[in-house]
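Q: Provided below for reference: sequence and predicted model.
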Amino acid sequence: MEIQILGAHQFESKGARLTSLLIDGNLVIDAGGLTSALSVPEQEKIKTVLLTHHHFDHTRDLVTLAANAGYYWRGQVVVYALRYTLDIITTCLLDGKMYINFLEYPSKEKPTVILEAIEPYNKKPIAGYDILAVPVKHSVPAIGYQITSSDGKSLFYTGDTTSGISDQWQHICPQLLIAEVAGPNKYGEELKRAGHLCARLLKEELIQFRQLKGYLPRVIVIHIGNPFEQEIKKEVAQVAQELEADISLGYEDMKVTF
Ligand SMILES: [Zn+2]
Ligand SMILES: [Zn+2]
């Protein structure tokens with residue numbers, strides 16, 4: 001399985017894209033900084049997008065991907081998410097008011113974007129993978145995804161989440177964990193209230209993981225709060241040392257093969 005981090009940040013600026021992951025060149029999870037990270041032929045391979053939740057920093061490039069799919073190669077993209085998330089995408093992002101309604105373009109019968117609701121805890125074959133969605137705590141309804149390839153390799157991506165993600169460890173068994181750290185330890189309580197993690201809070205969840213599963217997978221941290229990147233980097237390195245684990249920050253265009 002090859003994971004390419006298209007966007008590793010919470011905010012966008014030159015060199016820092018919004019959260020988005022590409023699996024084996026064809027499956028996307030979250031569509032923050034998606035289209036600016038890939039050439040048109042690379043985008044053309046994307047047939048499936050999984051969304052963790054509806055926040056703009058995770059869904060924005062659905063619009064730009066749909067525009068390319070609709071006009072360049074006249075293809076279709078299937079988007080999976082919670083029904084709640086899809087309803088907001090339909091009424092706020094792809095409603096046809098600010099841009100084209102890609103749920104009906106070029107025709108209602110064969111639209112560019114197809115929406116499919118996903119049920120938590122219901123393992124489903126999607127795009128050649130076994131996909132398991134589990135609910136995670138955030139400020140809005142959100143899910144994390146375990147993605148398992150046919151050769152048994154497994155990734156779990158938390159999406160945006162906060163303390164309590166450990167409730168879901170019993171359901172998953174990944175070799176790679178991609179988690180979020182949106183800010184530094186000094187804002188821990190604020191981050192928790194906003195539905196995010198700092199390194200210290202992530203550490204508590206990882207301790208639970210190890211206690212329950214007897215191992216810790218490699219951990220890559222994304223959704224990095226840009227203004228605090230250096231502080232987050234130090235604090236994550238500290239946690240890695242304390243837990244004697246492989247935990248590091250992700251970055252734009254980083255590729256991980258396992
Ligand atoms: Zn969010
Ligand atoms: Zn976010």
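A: That came through fine. Ligands and ions are numbered 1, 2, ... in the order given.
Q: what's the helix or strand for the residue in the stretch 1-150 of the chain positioned nearest to ligand 2?
A: Of all residues in the stretch 1-150 of the chain, Asp57 sits closest to ligand 2, at 4.3 Å by CB to the ion. For glycine as for every other residue, the C-beta is placed from the backbone atoms N, C-alpha and C. For Asp57, the host element (DSSP states H and E) is helix 56-59.
Q: now that helix, how far from the centre of its chain.
A: 10 Å (CA atoms, centre = their mean, to the nearest Å).
Q: which residues are contacting it?
A: Residues from elsewhere that reach helix 56-59, judged by CB atoms under 8 Å, 6 or more residues apart in numbering: 10-12, 18-20, 30-32, 51-52, 89, 93, 159-160.
Q: hey, where'd the helices end up in the chain?
A: 40-44, 56-59, 61-71, 83-88, 188-193, 199-213, 229-243 (DSSP state H).
Q: circling back to that earlier point, burial measure for the residue of the stretch 1-150 of the chain closest to ligand 2, as a count.
A: If you count neighbours by other CB atoms under 10 Å, Asp57 ends up with 21.
Q: And it, what's its pLDDT?
A: pLDDT recorded at Asp57 is 98.
Q: which of the residues in the helix holding Asp57 are buried?
A: Residues of helix 56-59 classed as buried: 57-59 (neighbour count, 16 or more other CB atoms under 10 Å).
Q: do stretch 192-209 as well
A: Neighbour-count burial for stretch 192-209 [16+ other CB under 10 Å]: 192, 195-203, 205-206, 209.
Q: now for the residues you listed, which pair is the farthest apart?
A: Gly195 and Phe209 (19.5 Å; CB to CB).
Q: Confirm for me that Thr148 is in contact with Tyr129.
A: Yes - taking contacts as CB atoms under 8 Å, Thr148 lies within contact range of Tyr129: 6.1 Å.
Q: For these two, indicate the residue with more neighbours.
A: Tyr129 (24 against 21).
Q: Now that one: closest residue in space, sequence neighbours ignored.
A: Ile147 (5.1 Å; CB to CB, 6 or more residues apart in numbering).
Q: which residues touch the one you found?
A: Ile147 sits in contact with 1, 23, 27, 29, 129-131, 154-157, where contact means CB under 8 Å, 6+ apart.
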